Structures are given as structure tokens and as C-alpha cells.
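J.: Sequence plus the predicted model coming up.
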Amino acid sequence: MRPKSPHSMQRVLLFAALAAVVLGLLCAAWVANVSAATIAIVGVTTATYLGAAELGGRWRDRSRPNDGLSALEQVIEQATNSSQGASGWIDSGNARVDAIAQHVMALHIEVSTHRRGLEYVATHDPLTGLGNRRYLSERLAQALNHIRSHPHISISLMLIDVDGFKLINDGLGHAAGDAALCEIAKRLRALLREGDTLARLGSDEFALLLFNLQAADASSFFGKLQNEISLPLNLDRRVVNLSASAGIAEGVAGMTVHDWQRHADLALVAGKRSGRTRLSVFRDSMQSDAARQLRIEHALRLAIAHDDLTVWFQPMIDGSNGHVLGLEALCRWTHEGDAMSPQEFISLAESAGLISALGRAVLAHTCRDLADLRARHAGLRCSVNLSIGQFLDSDIESDLFAAVDAAGLPIGALRLEITESLVASHESGVVPTMRRLVERGAEFCLDDFGTGFSSLDRLRQLPIKSLKIDRSFVTPLQHGDDVMVRNIFSLSRDLGLDTVAEGVEHEEERRRLCAIGCTVMQGYLLARPMPTAELIKWLEHRVVRG
């Protein structure tokens, strides 16, 4: 058997090398999401480059020694080991060799350019041009090395989440959402100091790596950041006001990049759980808190799936005669033998993406029990609270009508309560849905009125039938301070709205409300929340007007 020629072996090695290059490029493209056209260009370029190397090898075998071809070897080596362009080639006197050399150098420049492009795409966000998660990880690793060699330097990682951003995408479209993200990136970039790094981690989450800034001293910086983000934003001829929540953690020598990111993320989650628009600083206790929250979240998920939640009802009373005018449904959950605070598990449901499922479960349970109560007291109506998550994350219209239809109730048997702050911060996404539901027979009540800073014009435009005066305005009645309640009641009456005073706990509050004319009340003085069986017995001895 005749042995293979050197040229045959050379061709085999050439094609093997070419296959390896193309495979590597395809892998890089998959990671960086590079277009097929770019891969084709780089693949062809590389093939030509390797072909020129083989041609140079053949000429070298045919015409040794040859100064021109020796020089060609040098320029190929130079192109491989440096970034010099074709201008680095010195004419050899052989026109064909010189032409190949110039072409090889030009191809090398093109390959190098594409390689740099691949590296950029792999580490940067295509929408905003900011570094991405991979880029941030590289900068965090560098920062940790810096901390090890300079322990006196404070470097902090701040994770930023834009509050209510999903509403822009849902209400105005993804083009408006992209425009908002670009504007937010621009505003955040303007806050950068020397040595700082800004990255977009995905959707509406950004990261700031802040040099010479201790986490405990970050409040001032966050205040500036909040001021920038909250500036009016013009999107699709509409003005939108945004806010941000943030968590911050300081880098410590010996920690990993993953640890650092997790600490900042735990701080962000803790901050959002306690309320939006806040900066939360990482504490060691947050890790144990997170583990507990995870256990409770799992238990809540199972409770929703197995219908283990209960609904209690608090009556609304005519404070002048004690007649029952309606009910409010309140969700209750017992976990491991203890009654969980509604504020805690509802907040957990919102952060865990369970609020829509929780809302559907409460609606279904409320409608079933209300149907039984109306069989005894025809016309009895019940208020049920709706959260922003139910408007944003689910089809609230379908959920509502599915619940009332299954229980055989008219939609008018429910009063739908939404908070003033929800409408104030998400008006464009909430009000159109409210209008559609009102057209289909639903009725809305504005809860916690006076705490959401609604303008009079906004209040006039809302499709509401009633409002609730927040407890914070009712409590001062104990001390004779009735200015706020009197003004709110007068405003509500002038707008043709019904008014309910909530949180009535003292006789003096009831007496003054009646004197003002606000007789519809709700509070512990009049009736506490109670389960359905207890409520049925309680109602037997009272006048129910519905």
C-alpha cells in the first residue's frame, strides 16, 4: 500500500482544522446568539486563510529555498501571533507571493474583527449596550481580587428592579417597554462615577458595581438614583412615572462571585417584600429568612392547590341602627398550627408569582359561601379585594365571571375593591379593565382613600361607585379631629359616591361619623371577621338589608 503524500496529510489536517474552527464558531454563536450570516463570513474567511497557508506550504515544497516563500511563512506567522495589518508585509519581489501575503493579512484583520464582535455580543446587552450578566461576573471577579489586595477598599453590588415595569409592556406594548429600558439605562449611566460598572441583567433588572462605597452609606446614592428614574417618561404620547427598588451587598474577601450576587439578590427581595421604592442592605439573617420564606412559599403553593385556604367575612354596618349592609371577604391561612398574618402570606404570594392563583382561589371560595348566605339573606353583597398582580398576571375578567358563574351569582353580588395607590401607580393598565367590567355589571370601591394621593380629576374619571375612608383618618376622631373625614365625606357625596369608614374601633369614632353623616362603617367595634358558620348564626339575630 502506497503511503500518503505529505500534501494528502496536509489536506487532511487542513480540513480537520477547518472543521474544528467552524464547530467552535457555531458554539460561540449559540452562546452569543450570533446570526448565521456572521458565521458564514467568518467560516469562509478562515477557510481561505487556511487554504493560503496550504498553498504557501506547497510552493515551499516545490521551490526550496525561496526567499519570497520564506518571507510568506514569516507573514503568516506574524498574522497569527500579532494584530498587525497587511502594511507590515515587505515586498519580496514575487508578485504572486506578495498578493497572497496581502490577502492573508487582510483576512486576518477580518477574522480578528469578527472575533472581537463575538466577544462583545457575548458580554453585552443588545438593547441598551450595557454589559450583561457574564460581563458583570467578570467585573465582580476582578473586584474581589482587588479587595483581596486592597482590604481597605469598599466595593458594593447594587441590584435594581424597576417597579411596575411589566405594566408598560402589557399596556403600551414591547416597543414602549424597550424605549423605557433604554431611557432608564441612559439615566443610570449618568450616575456612574470613576471605576463604577453598570449592567443589565435581564428584563427590568440592572446592576451597579460601586467602588469606594460601603453598603451602609448607599442611601444618598440611591436617593439620586430614585430621583433620576422617577422623572416623567414620555412613551407613545403618554407620560409614565416609574420607581425602583434595590438591594445592596458589600464585597468581602474570600467570598465567591455567586455569593456576592446572591447576597445582593436577597437584599433586593427583602426590600420588595417590605414595600417598593426602598433600598435594602444585606444582613446575614436574610439567608435564614430566605430559607424560611422558601418553606412557607412551598406550603402556600400546596395550600392553594389543595384549597386549604379559608375565607372569613367582616360585616359592614349602618352605625346609626346596626343593620347589616354587606360583607367584606378576608383570606385566612393556618400554617403548621399558627394563623399566618394576611400581610405576610399575601406579600409572599406576590413575590413568588402566586398572587393570581391565590386571587382565583379566594374568589371561588367567596362566591361559594356567598351563594349559601344569599339563600338565607337575599340581596346580601360582598366586597372582595383585588391586587395589582391579578390585573397584570392573569385575565381578571375571566377569573371573575368563572367564579360567579360557578356559584350561580350575578356579577353585581360582588363589590370589587382596589386600593387608591394601585390605581395611582398603574392607572393606564388598570382603568381600562375596570371600565370593561363596569360595562358588564361589576361595581368598584376605592379602598384606603386618602393614602394614594389621587388628584380630584383622577377621582372624577375613575369608574367607581364607592370609596372607603382609611383608618388613619378615622382614628383621630377619638380626639375630636374630624377635618379629614368631614372633607372626604363631603367630596364623596358631591361626586355621587357611597362612603364607607373602615377601622372603627371606638364608640367616639362611631358617634362622630354618624354626626357627619357617614353611617356605613366597618371595624372591630361593630363586628369582627368571622368564618362562614359563625357568620350564619350571627346574622340570624340581625336585620340584613344587603
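T.: Arrived safely, thanks for sending. Computed from a predicted model, the values in this text were never measured in an experiment.
J.: Next, count neighbours for residue 492.
T.: 22 (other CB atoms under 10 Å). Backbone N, C-alpha and C define where each C-beta goes, glycine included.
J.: Outside of the strand or helix carrying it itself, list whatever touches it.
T.: Using DSSP states H and E, the element containing residue 492 is helix 483-494. For helix 483-494, contacts defined as CB atoms under 8 Å, 6 or more residues apart in numbering pick out 449-450, 456, 459, 466-467, 469, 473-474, 476-477, 498-499, 501, 512-513, 516-518.
J.: Put the buried members of these into a ChimeraX selection.
T.: ChimeraX command restricting the contacts of helix 483-494 to the buried ones, with burial defined by 16 or more other CB atoms under 10 Å:
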select :449,450,459,466,467,469,473,474,477,498,499,501,512,513,516,518
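J.: Just the ones of the contacts of helix 483-494 in helices?
T.: 456, 459, 473, 474, 512, 513, 516 (DSSP state H).
J.: Can you say which two of the residues you listed are spatially most distant?
T.: By the measure CB to CB, 456 and 512 form the most distant pair in these, at 24.6 Å.
J.: rewinding a little: switch the ones in helices among the contacts of helix 483-494 over to JSON lines; also include pLDDT and distance to residue 276.
T.: JSON lines is the format used below for these (pLDDT from 0 to 100; distance: CB to CB, whole Å):
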{"residue": "456", "pLDDT": "70", "distance to residue 276": "25"}
{"residue": "459", "pLDDT": "78", "distance to residue 276": "23"}
{"residue": "473", "pLDDT": "93", "distance to residue 276": "23"}
{"residue": "474", "pLDDT": "95", "distance to residue 276": "26"}
{"residue": "512", "pLDDT": "96", "distance to residue 276": "34"}
{"residue": "513", "pLDDT": "97", "distance to residue 276": "32"}
{"residue": "516", "pLDDT": "95", "distance to residue 276": "34"}
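J.: who's in contact with residue 458?
T.: Per CB under 8 Å, 6+ apart, neighbours of residue 458: 423, 424, 427.
J.: can you pull out the helices in the stretch 151-300 of the chain?
T.: 165-172, 174-189, 219-229, 257-274, 285-305 (DSSP state H, counting those that start in this stretch).
J.: As CSV, the ones you listed with mean neighbour count, distance to residue 379 and mean pLDDT would be great.
T.: Compiled in CSV, these are given as follows (neighbours: other CB atoms under 10 Å; distance: least, CB to CB, whole Å; pLDDT from 0 to 100):
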stretch, mean neighbour count, distance to residue 379, mean pLDDT
helix 165-172, 20, 36, 76
helix 174-189, 17, 45, 92
helix 219-229, 15, 48, 92
helix 257-274, 20, 40, 90
helix 285-305, 15, 31, 90
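J.: of the ones you listed, which approaches residue 543 most closely?
T.: helix 285-305 (36.1 Å).
J.: Does anything pack onto the closest one? Which helices or strands?
T.: helix 257-274, strand 334-335, helix 342-351, helix 355-376 (3 or more CB pairs under 8 Å, 6 or more residues apart in numbering; DSSP states H and E).
J.: Now do it: everything it contacts.
T.: The contact list for helix 285-305, computed with CB under 8 Å, 6+ apart, reads 263, 266-267, 269-270, 273, 308-309, 333, 335-336, 340, 345, 348-349, 352, 354, 357-358, 361.
J.: hmm, 7 Å instead?
T.: 266-267, 270, 309, 333, 335, 345, 348-349, 352, 354, 357-358, 361 (CB atoms under 7 Å, 6 or more residues apart in numbering).
J.: so that helix versus helix 342-351, what angle?
T.: Orientation check (axes from the mean of the first three to the mean of the last three CA atoms, to 10 degrees): helix 285-305 against helix 342-351 gives 90 degrees.
J.: Help me confirm that residue 528 is found in a strand?
T.: No. Applying DSSP: H, G, I helix; E, B strand; the rest coil, one finds residue 528 to be coil, outside a strand.
J.: check contacts around it.
T.: Contacts of residue 528 (CB under 7 Å, 6+ apart): residue 314.
J.: Run a quick neighbour tally on residue 95.
T.: Neighbour number of residue 95 under other CB under 10 Å is 10.
J.: And it, how far from residue 294?
T.: Counting by CB to CB, to the nearest Å, the gap from residue 95 to residue 294 is 73 Å.
J.: I'd like the distance from the helix holding residue 492 to the chain centre, please.
T.: Distance of helix 483-494 from the chain centroid (CA atoms, centre = their mean, to the nearest Å) equals 37 Å.
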